[in-house]
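1. Coordinates for the following, if possible.
(4 chains)
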2 protein chains.
Amino acid sequence: MKLGQATIKDIAKALNVSSSTVSRALKDYPGISKETKRKVKELAEKLNYRPNAVALSLRKSKSFTIGVIIPEVVHFFFSTVISGIEEIAFANGYNVILCQTNESLSREMSSVDTIISNQIDGLLISYSKETTDFSHFQKLIDHNFPIVFFDRVPELPNTVNVTVDDYSGAKEAVKHLIDQGYQKIFHLAGPKNLLISTHRLDGYKDALKESNREFDPTMVESCPIGTEEESFGIITKVFQESDVRPDAVFAANDIAAAGAMRAVKSLGLRVPQDVGIVGFSNWQFSSMVDPPITTVSQPGFKIGERATQLLLKMINKKEEDPFEPITEILETELLVRGSSLKKD
Amino acid sequence: MKLGQATIKDIAKALNVSSSTVSRALKDYPGISKETKRKVKELAEKLNYRPNAVALSLRKSKSFTIGVIIPEVVHFFFSTVISGIEEIAFANGYNVILCQTNESLSREMSSVDTIISNQIDGLLISYSKETTDFSHFQKLIDHNFPIVFFDRVPELPNTVNVTVDDYSGAKEAVKHLIDQGYQKIFHLAGPKNLLISTHRLDGYKDALKESNREFDPTMVESCPIGTEEESFGIITKVFQESDVRPDAVFAANDIAAAGAMRAVKSLGLRVPQDVGIVGFSNWQFSSMVDPPITTVSQPGFKIGERATQLLLKMINKKEEDPFEPITEILETELLVRGSSLKKD
DNA sequence: TTGTACGCGTTATCAA
DNA sequence: TTGATAACGCGTACAA
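-> Modelled structure (predicted):
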């Protein structure tokens, strides 16, 4: 059942030296005879010796492990972020412990708890849709525990955050719809407690304003659940009941955009001639549907990389170094595709 | 920088008792006075005491952590498996350390190494496309270290595996194409060293045989890379150059199917009227493209769950219990969609 | 009912 | 150049 892994003691015993000598020999400490060093290394090699990381953690109070807490793994954007995290962690000799919360606050709290008692060196987190109270993070922050928020970032002082410029991305997307000649643009918004939803909504509003259009509150509806069916339902209803039917939809994510497209098509309208559609996130499917969906791509991999780099920097900084809260905002990119090209 | 986590010692000192008393009080050992127990628990609560998992690991040689090594995180099927793994692990109080190999053998080997020195209790693995030599796993197997292979499973004795019935899934898919009246079915196969590729190919062959059709070796081509572009290229070439143009494509995965569909369309052929297409895996996008792609769905979540259940069983079995190698094969399901419906 | 001592594997410190 | 010892945090056999 157990791996008969050799320890320093085994080597010491076999060579009739003390374990401290073995330890030093293995780490090329000065003041060890060539001969001893050779013998130790030889035997270590032969026994396939690997230092016990758990003992090291205990000794050094450092585990070379970081925790990642994420709402969902089965999500194109988040899995991309994880990939970026894993790359940087691996390159720096760190392990990654992964927890998914399934958007549940209680699970998020319990994950923080267990992960912390596992002595991780730092934490990367994108909090759940349910999270409105941040005291379980505040404790950590107060203790100067290294923690980086990504994508969904809180409005807390003294935090390190990595996110994308949701505001500009949304604004650019809506301006593009306006440029294409769409008149009445409906916005399928995200959950209200997420800052990213607010930012995208703000971008939508300001794009309208800068084109001298009225903001019409009936042209915005929130999608708290986030399924394709939800947005299908909303859009179907809106398009049937509105006095003035919208001729474009800007959705806060691609799933919602896909639902909107299906709804519009099922009402016998054509995309993009009758209705223009733009999504957010560049999910994999969005380029493969017909017509392909114009979307605002977020650099998920880069977010993961950058967040991890910042976290490692926090972990490895000297105790006395000043702590610098920062919010890094990465650029989005509007990928114009068929679903919004009214003009040719 | 560090979390000022309270330890048993802190509590002991504050209460003027020995740490063993505290330890026992916290764990409701018999033979502790009610009064002491109360005081200890009270203070532990107040100090937000959490046992140090690292110290526990060292003490017990058990970490309540399992390792997961996977080719890629950004992959619908694998991320679904991870999700299933995470659920079962979480429910049983286990942590998950995640490593992705990016389909690289050397990275796979180094991941096994670091993860093992982290004293994980068991390992879940789907090996890389490059892996043809299994000695880095054989070592573990020989030591009776708990390890479960999933999806991509090796032909090794004494292993525990969870996979899907690729053979039957493929056979059913090809039979469906035959039923729909397609005559010449091309097979885009997966990498040759993966058993799943072989099984799917066998299913393809046997479906033909059972319908009394000749197997034509020129009607099979392998996609070692696995990108949409690769299959686009292959199918374009095949459809232009074949003496008798195929009228259906069975692809070993949905990405390849999508590439095939794009290729076929760009040649001016219609799907499904002129060419039928079936994929494998039920990636998220496959239901959202036009026409939606018929595909063989694999129960990714279930695979993750089942593999983890088996692993935990291995981990927690008594030393003397017999070890039972097993290969669990989960059923696939053919999801018939527009891309293969010639008949109405 | 409670305390002492030891060990899990490693390394830092001090002594030889 | 090497060895003995203590410590990281915890659990437990043994002693009191």
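
2. from here on, contacts and neighbour counts on C-alpha atoms
-> OK.

3. Show the residue spans covered by the strands in the stretch 101-250 of chain A.
-> For the stretch 101-250 of chain A, strands defined by DSSP state E, counting those that start in this stretch occupy the ranges A:122-125, A:147-150, A:160-164, A:185-189, A:220-222, A:248-251.

4. Partner strands of the last one and their direction?
-> Going back to what we said before, that points to strand A:248-251. strand A:185-189 (parallel), strand A:276-281 (parallel) (DSSP bridges).

5. And the first one, by the same measure?
-> The partner list of strand A:122-125 in its sheet, established with DSSP bridges, is strand A:65-70 (parallel), strand A:147-150 (parallel).

6. measure the residue in chain A that DNA strand D sits nearest to to residue A:53 for me?
-> Nearest residue of chain A to DNA strand D: residue A:59, at 3.1 Å (C-alpha to the nearest atom of the strand). Residue A:59 sits 10 Å away from residue A:53, going by C-alpha to C-alpha, to the nearest Å.

7. okay, those two: which has more neighbours?
-> Of the pair residue A:59 and residue A:53, residue A:53 is the one with more neighbours under other C-alpha atoms under 10 Å in any protein chain shown, namely 20 against 12.

8. pretty sure that one contacts residue B:119?
-> Yes. With the criterion set as C-alpha atoms under 8 Å, residue A:53 and residue B:119 qualify as a contacting pair; they are 7.2 Å apart.

9. Which parts of chain A are helices?
-> In chain A, the segments counted as helices under DSSP state H are A:8-15, A:19-26, A:34-46, A:53-60, A:76-91, A:105-117, A:135-142, A:166-179, A:195-210, A:228-241, A:254-266, A:300-316.

10. For these, give me CSV that also has mean pLDDT.
-> Formatted as CSV, the helices of chain A follow (pLDDT from 0 to 100):
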stretch, mean pLDDT
helix A:8-15, 92
helix A:19-26, 94
helix A:34-46, 92
helix A:53-60, 94
helix A:76-91, 96
helix A:105-117, 94
helix A:135-142, 92
helix A:166-179, 97
helix A:195-210, 96
helix A:228-241, 94
helix A:254-266, 94
helix A:300-316, 96
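
11. For residue B:108, which of these is the nearest?
-> helix A:76-91 (11.6 Å; C-alpha to C-alpha).

12. Report the angle between the closest one and helix B:76-91.
-> Angle of helix A:76-91 versus helix B:76-91, following axes from the mean of the first three to the mean of the last three C-alpha atoms, to 10 degrees, is 70 degrees.

13. mind listing what's buried in helix A:76-91?
-> Burial within helix A:76-91, assessed by neighbour count using 16 or more other C-alpha atoms under 10 Å in any protein chain shown, is assigned to A:76-89.

14. That one near chain B at all?
-> Yes. With C-alpha under 8 Å from any C-alpha of the partner chain as the threshold, helix A:76-91 lies in contact with chain B, specifically through A:76, A:79-80, A:82-83, A:86.

15. ok, now stretch A:331-339?
-> No. Shown here: stretch A:331-339 not in contact with chain B (C-alpha under 8 Å from any C-alpha), separated by at least 13.2 Å.

16. which parts of that stretch are buried?
-> Neighbour-count burial for stretch A:331-339, counted by 16+ other C-alpha under 10 Å, picks out A:332-339.

17. ok, back up a step: now the strands paired with strand A:248-251 as JSON lines including distance to DNA strand D and mean pLDDT?
-> As requested, those are arranged in JSON lines below (distance: least, C-alpha to the nearest atom of the strand, whole Å; pLDDT from 0 to 100):
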{"stretch": "strand A:185-189", "distance to DNA strand D": "46", "mean pLDDT": "97"}
{"stretch": "strand A:276-281", "distance to DNA strand D": "43", "mean pLDDT": "96"}
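
18. now residue A:285: how far from residue B:286?
-> Following C-alpha to C-alpha, the distance that separates residue A:285 from residue B:286 is 8 Å.

19. Those two: which is more packed in?
-> Here residue A:285 and residue B:286 are set side by side on neighbour count (other C-alpha under 10 Å), and the busier one is residue B:286, at 25 against 20.

20. which one is that one nearest to, not counting chain neighbours?
-> Nearest residue to residue B:286, sequence neighbours excluded (C-alpha to C-alpha, 6 or more residues apart in numbering or on different chains): residue B:293, at 5.1 Å.

21. Surely that neighbour touches residue B:337?
-> Yes. Counting by C-alpha under 8 Å, a contact exists between residue B:293 and residue B:337, whose distance comes to 5.7 Å.

22. ok, residues contacting stretch A:158-165?
-> Identification of contacts with stretch A:158-165 by C-alpha atoms under 8 Å, 6 or more residues apart in numbering or on different chains yields A:141, A:147-153, A:298-299, A:303, A:306-307, A:310, A:324-332.

23. Swap in 7 Å and give it another go.
-> Residues from elsewhere that reach stretch A:158-165, judged by C-alpha atoms under 7 Å, 6 or more residues apart in numbering or on different chains: A:148-151, A:153, A:298, A:303, A:307, A:325-332.

24. just to revisit the earlier point, indicate which one of the helices of chain A is closest to residue B:267.
-> With C-alpha to C-alpha, the closest approach to residue B:267 among the helices of chain A belongs to helix A:254-266: 25.9 Å.

25. between the closest one and strand A:185-189, how big is the angle?
-> Taking the same axes, to 10 degrees, one finds that helix A:254-266 is oriented at 140 degrees with respect to strand A:185-189.

26. ok and the residue in the stretch 151-300 of chain A nearest DNA strand C?
-> Residue nearest to DNA strand C within the stretch 151-300 of chain A: residue A:160 (30.1 Å; C-alpha to the nearest atom of the strand).

27. Before I go, just wanted to say thanks for your time.
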